[in-house]
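Visitor: the following comprises the amino acid sequence and a computationally predicted model.
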Amino acid sequence: MSQATAPTPGTAPAGTSPEIGLSTDGLSKAFGGVQAVDGASVAFHHGKVNALIGPNGSGKTTFFNCVTGMIKPDAGSVSYRGSSITRKAPHRIARAGIGRSFQLCRIFPRMTVLENMLAAVRPHPLHLLRSSHDRGDIERARELLTRVGIEHLERVEARDLSYGQQKLLELGGVLMADPETIMLDEPAGGVNPALIDRIAGLVRSLNAEGRTFIVVEHNMDLVMSLSDHVVVFDRGRPICEGPPSVVQNDPRVLEAYLGI
Amino acid sequence: MSLLLQSLVLGVLLGGLYALLAAGLTLYFGVMRVVMIAHSAFLILAAYLAWFWTTETGIDPMVSLLWTVPLFFVTGVLIQRLLISRLRPATLTMMSVLLTFAVALVIEGTLGFVFTGTQRRVQLPYGGADISIGGVNIAVVKLIAFGLAAASLLALYLLLTRTKFGQALRATIQHPEAARLVGINTERTAGYGFGLGLATAAIGGTALSLDSTIYPSLHWHWIGPLMAIIVVGGLGSIPGAAIAAMVLGVGQSLLQIPLGTTWAQTFFYIALFATLMIRPQGFFGGRLAQRF
Amino acid sequence: MPSASDTRTADTGAAAAHAGRRDPRGVVPTIVKAVALVLLAAAIVAFPSVAANPFILSVGVVIMSYAVLATGWNFMGGFTGYMSLGHAAYAGLGGYSTALLIVKAELNPWVALALGALITAVIAVPVGIASLRVRGASFVIVSIAFVLILLLVFQSWGGFTGGSNGLRIPRPFGPEVLRPEQHERFFYIHAALLAVALLLWWLIDRSRFGIGLKAIREDEDKAQALGVPTFQYKLVAFVLSAFFTALGGGVYALWFGFLDPVFQFSILIGSYMVLMSLLGGIRSLFGPALGALIVGYAVEFFKSEYGDTQFHLVATGLLLGIVVLFMPDGIIPGVTGLLRRFRPQASSIREVTQAELAEQRAGGAHTGTDSSGGDSTGGATRAPDPQVTEGVHP
């Protein structure tokens, strides 16, 4: 279903306003006395690669967690493709078509690589007792493992993978759930340059197939080369947004990063 | 009317002891995310030590605090260092419950071994004395027990809010990663937090020994209400635990009038279930409670 | 999702050809497993006739009952990792509801047993709702609180439950059935119940529901983010667990013929279930039953040698502590791990493609056994596969 509704990138004529997929309005979350997300209103472009950047502690990860339902926001709303997903349970948001990765890569450590992929299958309630090792599911899992490049490790327990391989597995699992929009929290964090290239390539090709990306990232080269739209966060709210070239030269961004 | 007043006063006195013990239970949970099932077993152990001390030496049980408090503090630090810190972080909450549960069984069994299952009670010269204020009769031992609990709670409060160590401890409870970033040795702080928690059990046990009959399996009657208190108060919140302890202690005491002692105990459990149904994060809890 | 298949290469085609292979962790051939299972079944069927005397037979019944309870516990503990310390509550409720339905409603004992277990499952629903919406700590607290509250209620509500005096249950078989014969029948009834529980556990273990439950055990946040309805899954597993535990408690009550709240709603019985399951291995089908055999035998042995002493508490506590600290995975995973070590390395990775792999990654470092999870540059050892990067870059 995601494929049918996703727009073909690049077909929107220049000058028209972009289609909005995920958006938030006045989203707020405080921990104790610290306002981690402070009335953030953001609109992400559907069908594009969006980047969310900002200095450490600017509330990006908390924002992610509020959007995906892992944390309940204190105030504000989140909507996706016209319907509200505010305060919905995380699995409902996932089933609405939003997949995510975690900042410090999270996989199911004591399940095999293949089982990690199969855990992302969403069975019909009547088919819950069918074997998890369904032929069709396995085939699809193998295709995706091949695509991320770890197909030869399918029988290895996930905790025995290297960190880079775990990151690829996490991305594979997210793809297995077939989300329309994929939120990645620091996909390049802690991995070597060769792997960063591979992940960037995957993001590009998946985006070309119509998937929307929202990426939190600190690697500026990657952000600038990968994204169509950049949102800059500071102290829990967006301070500026636009195409990478514009954002790069915005004085407010420099100020936020350098703390002047 | 005087019966009501009497129950109210008794409820407050009991609530004070609950508050001190629940504060200890909250400390463990705060610093290590550990539900310390053995807390009440240590409480009973301390009561036995106080009883044993008085029967052997004839000296007042409160004097035993001079050695039980340091002993329990060190034991707490050791439990954290040698047992809890060995567990894998991923399964810490569940495994620590099992581990402290195992400790509780060992303590109960050992008490039964050494002192037999016979019910024990400290004989005090002032054991039967009571004071009458405005038609309310209060046993002196209950007043002393409350005074002990209140003073310790105040000391704990001052320690947590006025000292550098207290600051480090609260930072560790609220945000361990951030605490580490600002240079706090969270591992050591957690150990001391555990020691402090166990010290509350030592004080509580001595207070308990003053006016209660004790037996080895008595701790099960304490752990249920105490766990209910920390959930109602919001896991990880010490003020929350203290307030919940007072409210539930008074509630139990008042309910004893129409229901009798046995059924009044169910009040804690009903409060526990109601809290989890209506407001799982507890009524006075901070951010910790949402995740556990 | 047709898009992902665009990059399919010859290698994936080969991989797909092996799609029929099951059980990626299998270290023991299926034939050996089948033979072992038949032998085990034969041993259980033969036990009553080789048991030296009725006492040994009754110990067998007790151990069988423990095996049912521990396996019932493992529907929750094993799949989701949520360890209930108060599961005696459900065994006790199963026993009491069966007994009360017979005594007060004069139902047929077997109907009462089934109905009693259903009633217990229904009671478990609100308990599960209260304790499963948040994470582990509340679940454990409620599990202990629930058994304590039931003890209180069943002791105090004398008029209905018999209170501390206990409750006598008429035997389901007529007076012409003698004691040894009773033991034998109940041994088989317990065994049949155990077989049903094991079968269902096995079915769930290999099912899509099961993989969702195991995902919860491994990382609940992650499972939710992938779309697993964690609360609903946990609740179903919990109620199933309560149901089987209640059946176990009910059958035991019919056999023993007498219920006392102190023994039914006992923290110690609940901790036996945890200890047995953990010792045997909560991830394995037969783990809890194996643990029940070991712990159950030890408990009965000490009881007959030294009587009921505080030693039980100390021994249970020490053993539980040792298992939690030093072998949290239990005996069965430990043994299979050893077996694996003695087999060629290749068996842990997909054998058939080893050759292809070597060819494909000519000279590339072997990464399959790289266990340095913290090594952030671990990916560097492996050059990107040409065919992958080719397919990926637009």
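Guide: In hand now; what should we look at?

Visitor: run a quick neighbour tally on the residue in the stretch 151-300 of chain C positioned nearest to chain B.
Guide: Going by C-beta to the nearest C-beta, chain B is nearest to residue C:156 of the stretch 151-300 of chain C, at 4.7 Å. Every residue, glycine included, has its C-beta placed from N, CA and C. For residue C:156, the count of nearby residues is 18 (other C-beta atoms under 10 Å in any protein chain shown).

Visitor: now do the helices in the stretch 101-250 of chain B.
Guide: Listed in chain order, the helices of the stretch 101-250 of chain B (DSSP state H, counting those that start in this stretch) span B:140-162, B:164-174, B:176-181, B:186-211, B:219-233, B:238-259.

Visitor: now the ones you listed in JSON lines, with distance to residue A:133?
Guide: Listed next are the helices of the stretch 101-250 of chain B as JSON lines, based on distance: least, C-beta to C-beta, whole Å:
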{"stretch": "helix B:140-162", "distance to residue A:133": "53"}
{"stretch": "helix B:164-174", "distance to residue A:133": "44"}
{"stretch": "helix B:176-181", "distance to residue A:133": "39"}
{"stretch": "helix B:186-211", "distance to residue A:133": "43"}
{"stretch": "helix B:219-233", "distance to residue A:133": "40"}
{"stretch": "helix B:238-259", "distance to residue A:133": "47"}
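
Visitor: coming back round to it: quick one: residues contacting the closest residue to the residue of the stretch 151-300 of chain C closest to chain B other than its chain neighbours.
Guide: Leaving aside its sequence neighbours, residue C:156 sits nearest to residue B:262 (C-beta to C-beta, 6 or more residues apart in numbering or on different chains; 4.7 Å). Residue B:262 makes contacts with C:152, C:155, C:156, as judged by C-beta atoms under 8 Å, 6 or more residues apart in numbering or on different chains.

Visitor: and if you look at residue B:246?
Guide: Residue B:246 sits next to B:12, B:15, B:16, B:18, B:19 when contact means C-beta under 8 Å, 6+ apart.

Visitor: could you flag which of those residues are buried?
Guide: B:15, B:16, B:18, B:19 (16 or more other C-beta atoms under 10 Å in any protein chain shown).

Visitor: pick out the most distant pair among those.
Guide: Using C-beta to C-beta, the buried ones among the contacts of residue B:246 span at most 7.2 Å, a distance reached by B:16 and B:18.

Visitor: shared neighbours of those two, which are they?
Guide: Shared contacts of residue B:16 and residue B:18 (C-beta under 8 Å, 6+ apart): B:245, B:246, B:249.

Visitor: mean pLDDT for the helices of the stretch 101-250 of chain B: which is lowest?
Guide: Lowest mean pLDDT within these: helix B:176-181, a mean of 78.

Visitor: what about that helix, distance to the chain center?
Guide: A distance of 27 Å separates the centroid of the chain from that of helix B:176-181, by C-alpha atoms, centre = their mean, to the nearest Å.

Visitor: ok, it near chain A or not?
Guide: No - figure legend: helix B:176-181 not in contact with chain A (C-beta under 8 Å from any C-beta of the partner chain); closest approach 9.3 Å.

Visitor: which neighbouring elements make contact with that helix?
Guide: helix B:164-174, helix B:186-211 (3 or more C-beta pairs under 8 Å, 6 or more residues apart in numbering or on different chains; DSSP states H and E).

Visitor: give the contact list for residue A:48.
Guide: Here residue A:48 is in contact with A:9, A:18, A:207, A:212, A:213, A:227, A:228, A:229 (C-beta under 8 Å, 6+ apart).

Visitor: the nearest residue to the third one once chain neighbours are set aside and residue A:184: what is the separation?
Guide: Leaving aside its chain neighbours, residue A:207 sits nearest to residue A:49 (5.3 Å; criterion: C-beta to C-beta, 6+ apart). Here the criterion is C-beta to C-beta, to the nearest Å. By it, residue A:49 lies 10 Å from residue A:184.

Visitor: which neighbours do those two share?
Guide: Overlap between the contact sets of residue A:49 and residue A:184, as judged by C-beta under 8 Å, 6+ apart, is given by A:203, A:213, A:215.

Visitor: by neighbours, which of these wins?
Guide: For these, neighbours tallied by other C-beta under 10 Å; top is residue A:215, 25 neighbours.

Visitor: SS state for that one?
Guide: Classification of residue A:215 using DSSP: H, G, I helix; E, B strand; the rest coil returns strand.

Visitor: give me the nearest residue to it, chain neighbours excluded.
Guide: Residue A:215's closest residue in space is residue A:184 (C-beta to C-beta, 6+ apart), at 4.7 Å.
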